[in-house]
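Peer 1: show me the folded form of this:
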Amino acid sequence: MISTLFSNRSAYRDYLKHQDQLGFSDKTFRNLLNNGKINWQKFLVLLCRRIIVLTAVFPIVISTFDGLKTVDPAYLNLFRSMGAGRWDTFRKLSVPMALPQFLSGLKLSVVYCVSGAAIGEWLGATAGLGFFTRRMSGYLQSGAVFSAVFLLAALGMGLFLLIYGMEKGLLKNRTKI
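Peer 2: As a prediction, this is how the structure comes out:
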């Protein structure tokens, strides 16, 4: 299928060598095709998963990066003066100092994942609260739509509180500096 797009064999070999890095291979393309037609259901499930991953990754990465940048230079100098290597400094100083920011990003990410999953279901699923919301809004059933939105909000708050409890358990012995 994709091999016909390449004019020479070396370009196709390079494509095959790097297809895992691209995240889209001939096999994935064939799985989406069903007798020459795109199987939209499989495509939309993949799209929904990618939406959830994208909404989850960025708050965690950004907050963790900010937490790693905010390590006090006095502590870094202390670790260096005691002969700690880069790995020991990272493991014993940077990670514990960045843990609160990581958990803050995780709390945001969990709520974003709930909304991302609902949007993904709204776009093309055949089940779930997003699909139910889209279906009920088409029937002008505003009570059912609000109940689904309320359930999504309750799920987001419940997961947020779960991460909050985990944060309190992980950071209970931490002293303020």
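
Peer 1: give the buried residues for the helix or strand where T89 lies.
Peer 2: Using DSSP states H and E, T89 falls within helix 86-89. Going by neighbour count (16 or more other CB atoms under 10 Å), the buried part of helix 86-89 is T89. Heads up, the C-betas are built off the backbone N, CA and C, glycines and all.

Peer 1: ok, L151 - contacts?
Peer 2: Contacts for L151 (CB atoms under 8 Å, 6 or more residues apart in numbering) come out as L129.

Peer 1: so it is in which element?
Peer 2: Counting by DSSP H and E, the element that carries L151 is helix 142-170.

Peer 1: how far off centre is that helix?
Peer 2: Relative to its chain's centre, helix 142-170 lies at 17 Å (CA atoms, centre = their mean, to the nearest Å).

Peer 1: again, but for stretch 60-77
Peer 2: On CA atoms, centre = their mean, the centre of stretch 60-77 falls 22 Å from that of its chain.

Peer 1: same question, stretch 108-126
Peer 2: Centroid separation for stretch 108-126 versus its chain: 11 Å, with CA atoms, centre = their mean.

Peer 1: now do stretch 99-113
Peer 2: 11 Å.

Peer 1: as a whole number, average confidence for it?
Peer 2: Taken as a whole, stretch 99-113 has a mean pLDDT of 92.
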